[in-house]
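*Asks:* Provide a 3D model corresponding to the input given below.
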Amino acid sequence: MNKDSLTFKQRFNFRTNAVDWLLTIPNFAVEFDLGNNVRSKRTIGAGIKWNWNTSHTMSPPTVFNLFDARVEWRQYFRTRQRQGSGDDKDFFKRLRNKVFTTKREHPRTRRAYFWGIYAHTMNYNLKLGKEGRQGTAYGAGVSLGYTAPLYGYANGAVDIELGGSLGLIHHSYDVYTHDDESNIYAFDPSKSGSGILPIISDIRVAFVYRFMSVEDKYKQTGDGERRYERWEAKRLELKEIEDKARFRLDSLFSVEKKKGVTNIDSLLNKDDLKLWRKMQEEKTLQQQKEAYEKMRKDAAKKLGIELTDSTTAKQLRAVEQEVKKMKEAAEEAAKAKDPEKVKKDAEKAQKKAEKEAKKPKKEKKPKKEKKSKKDKDKAKEEEVNPEAEATAKEPDEEVETTNEEEGES
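*Replies:* Below you'll find the model as predicted:
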């Protein structure tokens, strides 16, 4: 038999819901895989809940009776590794690439997710207060959830299932009350009714017994998996080629270095040169990273701070400030050891000063005296009525001439 094939027994799943048991509702469901292969993902199932007409010596004031039967079709799927980050500036593209897809950055490969549609019929008799309702209902809706392996046996496994069902029901009911004196239920026909309601028909924390664990069923299939396998094979092949090229370039550099040659750019072709420069950049970045980490540890040791997961943000800021001071001190020490660099810096500063001195200084224009608002208004009046100005000056001239005549006499 093919290793991916399922026996008839292995296609059955048996489930019971712990939430219903907590509500004192016994329940049981069976599910059957529609395919005989571990890669088939469609199932059909049926379930029943029964807590009806429990035996009592007297009519109880509180009633909780329920019967529910349903059939359900499911489609299982698994998440897989995303190729790339999936980040996008467009909101809807990001939603499509990160939410409405089975591709994830960190896929939960042991889980099998599912969605499904169901139809059910129900009889109920509930009285938790003064009035009770008894009636029938039928409806349909969708189910969502996932199942994961919990405990394995030699010939089977127990898996856990988390999920729920949401849908619409059409119900008709009668209303009644409990008469304590006569110990009977009295129905009120005027309050009977019917209607359509949205309902959460199931909340599942269920235990599922399978002859083959869900970890080994509902596996990825089709073009998506094959594309991923081809992409992964291609990536590993390119990585192997690059690793061989890196080893070859390192060997060549070691040989040429022994000969006294430190620059091997002229010995490489275009592709090798590109890879060699990439290797040099990686080496430089690694050296910088190591130097920074060493300086950070020295700064922490100097301040008496131990760098752990419990180090506070305030302590980390103090360490960063100390690292900054150490960098500045190292740069000043390097300048002092290199007199040529100091000389070049001095020459640059001198040239800059000479250049600034040679620039012609711009003469500052004298500032215009600001006229008051009164003077501005007077000037406007003079521009508008020059004749009035002339007539105003004539009497002044006459007064001056008379004064002169008087003085002569």
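*Asks:* List the buried residues of stretch 178-188.
*Replies:* By neighbour count, with 16 or more other CB atoms under 10 Å as the criterion, the buried positions of stretch 178-188 are 178, 185. The C-beta positions use only the backbone N, C-alpha and C, and glycine is treated the same way.
*Asks:* how far is that stretch from where the chain is centred?
*Replies:* 58 Å (CA atoms, centre = their mean, to the nearest Å).
*Asks:* From the opening residue of it to its closing one, how far?
*Replies:* Across stretch 178-188, the terminal residues are separated by 11 Å (CA to CA, to the nearest Å).
*Asks:* what about the strands in the stretch 201-350 of the chain?
*Replies:* Under the criterion DSSP state E, counting those that start in this stretch, the stretch 201-350 of the chain contains no strands.
*Asks:* Where does the prediction get shaky in the stretch 301-409 of the chain?
*Replies:* Residues of the stretch 301-409 of the chain that meet the criterion pLDDT under 70 lie in 341-342, 360-409.
*Asks:* Please repeat the previous calculation with a cut-off of 90.
*Replies:* Along the stretch 301-409 of the chain, the model assigns pLDDT under 90 to residues 301-319, 321-409.
*Asks:* Kindly report the same for the chain.
*Replies:* Within the chain, the ranges that satisfy pLDDT under 90 run 1-6, 35-40, 51-64, 77-111, 126-132, 152-155, 177-192, 215-319, 321-409.
*Asks:* Need the single longest helix in it, by residues.
*Replies:* Ranked by residue count and defined by DSSP state H, the top helix of the chain is helix 222-258.
*Asks:* helices and strands around it, which ones?
*Replies:* Contact partners of helix 222-258 among helices and strands, from 3 or more CB pairs under 8 Å, 6 or more residues apart in numbering; DSSP states H and E: strand 80-81, helix 270-303.
*Asks:* can you put these in TSV and add mean neighbour count and distance to residue 337?
*Replies:* Putting those into TSV (neighbours: other CB atoms under 10 Å; distance: least, CB to CB, whole Å) gives the following:
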stretch	mean neighbour count	distance to residue 337
strand 80-81	14	52
helix 270-303	13	17
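*Asks:* what separates residue 291 from residue 69, distance-wise?
*Replies:* Summarising the geometry, the distance separating residue 291 from residue 69, computed by CB to CB, to the nearest Å, is 72 Å.
*Asks:* Can you tell me how far residue 64 is from residue 25?
*Replies:* With distances taken as CB to CB, residue 64 is found 9 Å from residue 25.
*Asks:* ok, now residue 155?
*Replies:* The span separating residue 155 from residue 25 equals 30 Å under the rule CB to CB.
*Asks:* same thing with residue 253?
*Replies:* Residue 253 sits 75 Å away from residue 25, taking CB to CB as the criterion.
*Asks:* ok, back up a step: who has more neighbours, residue 155 and residue 25?
*Replies:* Taking residue 155 and residue 25 together and counting by other CB atoms under 10 Å, residue 25 has the greater number of neighbours (18 against 8).
*Asks:* contacting residues around that one?
*Replies:* Taking CB atoms under 8 Å, 6 or more residues apart in numbering as the definition of contact, the neighbours of residue 25 are 49, 50, 51, 66.
*Asks:* Among these, which pair sits farthest apart?
*Replies:* Between any two of the contacts of residue 25, the greatest separation by CB to CB is 7.9 Å, found for 50 and 66.
*Asks:* Mind telling me what element residue 25 is part of?
*Replies:* According to DSSP states H and E, residue 25 maps onto no helix or strand at all.
*Asks:* Could you confirm residue 107 falls within a strand?
*Replies:* No. Going by DSSP: H, G, I helix; E, B strand; the rest coil, the assignment for residue 107 is coil, not a strand.
*Asks:* hang on, the earlier thing: what about burial for the contacts of residue 25, which qualify?
*Replies:* Applying the neighbour count, that is 16+ other CB under 10 Å, the buried entries in the contacts of residue 25 are 49, 51, 66.
*Asks:* mind listing which of those residues are in strands?
*Replies:* Counted as lying in strands by DSSP state E, out of the buried ones among the contacts of residue 25, are 49, 51, 66.
*Asks:* Could you dump those residues into a markdown table and include distance to residue 80?
*Replies:* A markdown table is the format used below for those (distance: CB to CB, whole Å):
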| residue | distance to residue 80 |
| --- | --- |
| 49 | 36 |
| 51 | 42 |
| 66 | 40 |
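*Asks:* Could you point out which of the residues you listed is nearest to residue 176?
*Replies:* residue 66 (16.5 Å).
*Asks:* Do I have it right that the closest one meets residue 51?
*Replies:* Yes. Taking CB atoms under 8 Å as the contact criterion, residue 66 and residue 51 are neighbours in contact, 5.1 Å apart.
*Asks:* Done for today, thanks.
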